[in-house]
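Undergrad: structure for this input, please:
(chains A, B, C and D)
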2 protein chains.
Amino acid sequence: MNYEYIKAKISLAGLKATHQRIVIYDTLLALGHHPTAEEIYARIKPANPSISLGTVYKTLEAFVTGLLIRRVLTADGLMRYDARTDAHSHIYCVNTQEIVDFNDPELHQWIEDYFRHKNIRNIKIREISVQISAEKIDPAERIVVE
Amino acid sequence: MNYEYIKAKISLAGLKATHQRIVIYDTLLALGHHPTAEEIYARIKPANPSISLGTVYKTLEAFVTGLLIRRVLTADGLMRYDARTDAHSHIYCVNTQEIVDFNDPELHQWIEDYFRHKNIRNIKIREISVQISAEKIDPAERIVVE
DNA sequence: ATGCGTGCAAATCTTTTGCAGAGTC
DNA sequence: GACTCTGCAAAAGATTTGCACGCAT
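TA: Next comes the predicted model:
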C-alpha cells in the first residue's frame, strides 16, 4: 500500500490527509502486531522528529471514529489498534504475549450458520471472531495456521 | 456462594483469607458484568469504609496470579476482571457496551475438534472462546441465549 | 511469632484536553 | 479563507509502589 493510496483512504473517511496521518496509518499497516500509540510513536519519531505523541493518540481515535482502523481486545489494559477492519480471529500466546491474526472463512461461516439456527433473542449479530489462547512450543519460531 | 466457601477458595490458592479479600471476591461474583477495580471499590466502600483502592488493585492482581479470577479482554483500555475461570464466550453489545457471558459446550467442542484437524504449527491450544459483536434490538430488554 | 496483607500517599504511566499556530482543501 | 489538525504542555485518569502497622496462620 503506497502513499497515494493511503492518502485517498484517509480522505474518503472525511479526514484531512496530513503527512502525520499518512505515516501513522502506514506504520499501523507495516507493524505485524497490534501496537499502542506509544509503539507507533517510537517507530515514527526518528524519521519525523517534530511529531508529537498527542497527535498519535488523536489520530488513532480519529481513525477509529472514521472506521479506518479498530481497537483490539486486550487484557493488558492498554489501547491497541489494528489496521484490519474485517472480522478475523486472534491467537494469544500466553508465554510471549503475542497476538497473531488468523483468518478462516470456513470456520467463520460455520459459526455464523450455527448461530442462525440458535435461539438468540434481542440481539442482531454483527460479527463473530474466535480467540484462541495458546502456548508457543518453540518461542523462536513463528506461529503458523493453515 | 457463602463467606466460608469463599474463604476456603482463597486459602486454597495460597493466599491469606482476609475480610477485604473475601468481600472483593464476593462482589466480583455478585456483579453480573466485568468490573474494574474502581467499580468494585465503589460497591464495597459503603459497608467497608476503611478499605483502600490500592488494596482492591493489589487483591485483584493477587487473585489473577493465584488463578482465582481472570482479566477480561476489553477494548476500553481498562483492566476488567471476571470471577469465571472456565473458557466461555462473550457477546459484546455495540450500543450499550455491555459484555454478556454465554456458554455453549456444543459449540466449543465443535471448534476444538475443528482445530484438532487443522494444521496449526508451533502452538499448543489452551482454550478457545468466541466473541460476538452484536446490537441490542430492544435496549431495555435482556440478551437471551439458549 | 512470622510473614503476608492493608492503608495511605506519593509516584508512575497512559490518555485526554486546551490552545495558538500551521497546513489542507 | 475557512476550518481542521498539529505540537506543546498541562491535566486528568488509571495503576503501581514504598513503607509502617495490623492481622491471619
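Undergrad: residue at max distance from the center of chain A?
TA: residue A:119 (31.0 Å; CA atoms, centre = their mean).
Undergrad: now the closest residue to residue A:3 other than its chain neighbours: which helix or strand?
TA: Excluding the flanking residues, the one nearest residue A:3 by CB to CB, 6 or more residues apart in numbering or on different chains is residue A:22, at 6.3 Å. Any C-beta I mention is one placed from the backbone N, CA and C, and that applies to glycine too. Residue A:22 belongs to helix A:19-30 when assigned by DSSP states H and E.
Undergrad: report the buried residues of that helix.
TA: A:20-28 (16 or more other CB atoms under 10 Å in any protein chain shown).
Undergrad: which among those residues gets closest to DNA strand D?
TA: Nearest to DNA strand D out of the buried residues of helix A:19-30 is residue A:20 (CB to the nearest atom of the strand; 3.6 Å).
Undergrad: can you point out the buried residues in whatever helix or strand comes next after the helix holding residue A:22?
TA: Later in the chain than helix A:19-30, the nearest helix or strand by DSSP H and E is helix A:37-44. Using 16+ other CB under 10 Å as the test for burial, helix A:37-44 gives A:37, A:39-41, A:43-44.
Undergrad: run through the residues you listed and flag the ones next to DNA strand C.
TA: residue A:37 (CB under 7 Å from any atom of the strand).
Undergrad: which single one of the buried residues of helix A:37-44 is nearest to residue B:137?
TA: Closest approach to residue B:137 among the buried residues of helix A:37-44 (CB to CB): residue A:37, at 34.9 Å.
Undergrad: looks like that closest one contacts residue A:54 (just checking).
TA: No - the pair residue A:37 / residue A:54 is not scored as a contact, 9.2 Å apart, by CB atoms under 8 Å.
Undergrad: burial of the closest residue in space to residue A:123 that isn't next to it in sequence, as a residue count?
TA: The shortest distance from residue A:123 to any non-neighbouring residue, by CB to CB, 6+ apart, is to residue B:134 (4.1 Å). Number of residues near residue B:134 (other CB atoms under 10 Å in any protein chain shown) recorded here: 22.
Undergrad: residue A:141 versus residue B:134, what's the distance?
TA: 36 Å (CB to CB, to the nearest Å).
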